[in-house]
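Participant: Could you work out the structure for the sequence below:
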Amino acid sequence: MARDERGGWHWPAFLIGPIWYFSKGMTIKGIWLSVICLITLFLAVPFIALYCGARGKSDYYEYRLRQKTVFDLTKI
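Facilitator: Predicted structure coming up:
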């Protein structure tokens, strides 16, 4: 049975939050999450961690899907 990479809880994203987004190449989202943490004086860290844990896999799936469609040479 294949693993579903489109959703579900993702522990690494939950534990390291925006750093995980940076490590996967999603720098814009990582910057936004980091800025939110800084603006709220790190009061938003628990909420950012929950967001990253819940949405990390699906965000990465969508990111890779967009990357694939950008470089798909069959659409030329």
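Participant: CA only for contacts and neighbour counts going forward, please
Facilitator: Will do.
Participant: What does Leu41 show for phi and psi?
Facilitator: With angles defined as degrees, to the nearest 10, Leu41 sits at phi 60, psi 40.
Participant: Numbering from 18 from now on, please.
Facilitator: Will do, 18 is the new start, and the previous item becomes Leu58.
Participant: burial count for it?
Facilitator: Other residues near Leu58 number 10, with proximity taken as other Cα atoms under 10 Å.
Participant: Please tell me how far it sits from Pro29.
Facilitator: According to Cα to Cα, to the nearest Å, Leu58 and Pro29 sit 23 Å apart.
Participant: What of Met43?
Facilitator: Taken as Cα to Cα, the span from Met43 to Pro29 is 15 Å.
Participant: what about these two, which has more around it?
Facilitator: Set Met43 next to Pro29 and count neighbours by other Cα under 10 Å: Met43 wins out with 17 against 14.
Participant: What ranges does the chain have for its helices?
Facilitator: 28-33, 35-40, 44-56, 62-87 (DSSP state H).
Participant: Next, the closest residue to Cys54 other than its chain neighbours: phi, psi?
Facilitator: For Cys54, ignoring the flanking residues on the chain, the nearest one in space by Cα to Cα, 6 or more residues apart in numbering is Ala61 at 5.5 Å. Here is the backbone geometry of Ala61 (degrees, to the nearest 10): phi -90, psi 0.
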